[in-house]
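>>> Structure, please.
(chains A and B)
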Amino acid sequence: MLELLSFGPNGWGGQLLMGTAMTVAVAVSAFAFGILVGSLGASAKLSHSMTLNVVADVYTTIVRGIPELLVIYLLFFGGSGVATAIASAFGYDGRIDLNAFTIGVLAVGLISGAYSTEVIRGAVQSVPFGQIEAARACGMSRWLILRRVLVPQTLRFALPGLGNVWQLTLKDTALVSVTALAELMRVTHLAAGATRQPFLFYSTAAVLYLMLTTVSTALFNRAEISANRGVRRA
Amino acid sequence: MNWQLMWDSLPRMLGGLSLTLQLIVGSLTLGALVAFAVALLRLSGNRVVETLAAAYVFVFRGTPLLVQIFLVYYGLGQFEFIRDSILWPFLREPYWCAILALTLNTGAYTSEVLRGAILSVPSGQVEAARACGMSRALAFRRIVLPVAIRQMLPAYGNEVILMVKATSLASTITLMEVTGIARRMIAQTFAVFELFIVAGAIYLVLNFIATRLIKFAEWRLTPYLRARA
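This next block holds a predicted model:
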């Protein structure tokens, strides 16, 4: 039975490994895209413009309140249409077809971005305002304050929350399998169907996901320790 | 935007609401029982039992829910002894498989919330109860549990929202709840945005009601924090 998991001609080992690599690729890209969206969302929430506040609030409320699967279906069925519409607005008249990887990254990234928005907003707000005043009093420009005072400390405060968002993102990539992208869940589904050993393959997938979450939790813990090395503990 | 289509799709989508609600209520109720048992096991003081309970929580929190659902629905039927057992009439049905997987998933998350809440009860209160002559069980029932349940409500509210959303995964094992119906209608009509808005609105309303209920429970359980009239 274990021959099915081997890397030989009859085994699915190689494909499972490729699927795991694809899962990691989707998760990392979606997480990075989510942090980008989250930074924009947080700055919109913290800006003094009412419009931006409302837009960011609507975004986070909707994305966090509806099932992830619906968001993936929205981009899977509607993403190419929107991309074509945007391109034609810029004078390109052809059809744009987004591939499954792009759809997966966009969908999971938008979900991850909503959670990142809240994490980053909280982290920015926990930088004491006196420090920004002090930096201003020293004559730093806005950009310099952002680079030297706000961003380094925000990163430190946001790390634990972003670690949780990463776990969510990693697990949400499993849902991308409904778009037939060959990530771990999809490969497992195909292998289970072809070999009629569903229990074996789904438990293998569970173990692989567990390894990914365990390793990344350890990495985030180390990053937290290293980010807090200058902080005195009580 | 095709308003007529959105309006017409509403009754069909609401047809899946009953199944969605059954999955939410069923898995949350059973999940609360599992969580209670697991939290007690994790605090039991017996090393073997604690390790087993911790392993259960680790596995179910570390893997995607979709894997858990497929493992239950496709995986269990592979074994002869399960197909011959009295449980097979249940495990054959996607409905019970979804409930089982959702229950085990929420049980793992909720047990952690409950465990943290039980640990956060000040030890002075337990000591005081013991000094009044209460047995351990009585002190747990009268002091620890009520305080812990009050304490865990905000975190439990998040878990409830996650479960409302998680029921959508039941559509991957052929159950026609709200997301399943939305998916089928999108594939038939290609009115992606209209149907997405209708289905999304249903979930938003469900989550809104869920957060209100939790807020109400919090209000009921904290009379001492209210301003006296």
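>>> What is the least confident helix or strand in chain A?
In chain A, the helix or strand scored least confidently by mean pLDDT, DSSP states H and E is helix A:68-89, which has a mean of 88.
>>> quick check, that one touching chain B?
Yes - applying C-beta under 8 Å from any C-beta of the partner chain, one finds helix A:68-89 touching chain B at A:E68, A:L69, A:L70, A:Y73, A:L74, A:F77, A:G78, A:G81. Bear in mind the C-beta positions are built from the backbone N, C-alpha and C, glycine included.
>>> Following the chain past that helix, name the next helix or strand.
Next in sequence after helix A:68-89, counting helices and strands by DSSP states H and E, comes helix A:100-125.
>>> same for the longest helix seen in chain B, what does it pack against?
Taking DSSP state H as the criterion, chain B has its longest helix at helix B:192-221. Applying 3 or more C-beta pairs under 8 Å, 6 or more residues apart in numbering or on different chains; DSSP states H and E, one finds that helix B:192-221 contacts helix A:50-65, helix A:68-89, helix B:3-14, helix B:17-42, helix B:145-166, helix B:178-189.
>>> which stretch among those helices comes nearest A:T214?
helix B:17-42 (19.0 Å; C-beta to C-beta).
>>> Please work out which residues outside the helix or strand just after that closest one touch it.
The first helix or strand that comes after helix B:17-42 along the chain, using DSSP H and E, is helix B:47-62. Contact partners of helix B:47-62, identified using C-beta atoms under 8 Å, 6 or more residues apart in numbering or on different chains, comprise A:206, A:209-210, A:213-214, B:38, B:41-44, B:68, B:104-105, B:107-109, B:111-112.
>>> Okay, buried residues for the longest helix of chain B please.
When burial is assessed from 16 or more other C-beta atoms under 10 Å in any protein chain shown, helix B:192-221 yields the following buried residues: B:192-204, B:206-207, B:210-211, B:214.
>>> what do you get for stretch A:122-142?
Going by 16+ other C-beta under 10 Å, stretch A:122-142 has these buried residues: A:A123, A:V124, A:V127, A:I132, A:A135, A:M140.
>>> Endpoints of that stretch, how far apart?
Taking C-alpha to C-alpha, to the nearest Å as the measure, stretch A:122-142 stretches 20 Å from start to finish.
>>> which outside residues touch that stretch?
Contacts for stretch A:122-142 (C-beta under 8 Å, 6+ apart): A:42, A:46, A:144-145, A:148-150, A:153-158, A:161.
>>> And those residues, which of them are buried?
Applying 16+ other C-beta under 10 Å to the contacts of stretch A:122-142, the neighbour count classes A:A42, A:I145, A:V149, A:L150, A:Q153, A:T154, A:R156, A:F157, A:A158, A:G161 as buried.
>>> Now flag whichever of those residues is closest to chain B.
Set against chain B, the nearest of those by C-beta to the nearest C-beta is A:G161 (13.4 Å).
>>> Quick check: the closest one touching A:V119?
Yes - assessed by C-beta atoms under 8 Å, A:G161 is found in contact with A:V119 at 3.5 Å.
>>> for chain B, what are the nearby residues on chain A?
Residues of chain A lying near chain B (C-beta under 8 Å from any C-beta): A:61-62, A:64-70, A:73-74, A:77-78, A:81, A:171-175, A:177-178, A:185, A:188-189, A:192, A:196-199, A:202-203, A:205-206, A:209-210, A:213-214.
>>> tell me which residues of the host helix or strand of A:A192 are tucked away?
Using DSSP H and E, A:A192 sits within helix A:184-195. Residues A:L184, A:M185, A:R186, A:V187, A:T188, A:H189, A:L190, A:A191, A:A192 are the ones in helix A:184-195 that count as buried (16+ other C-beta under 10 Å).
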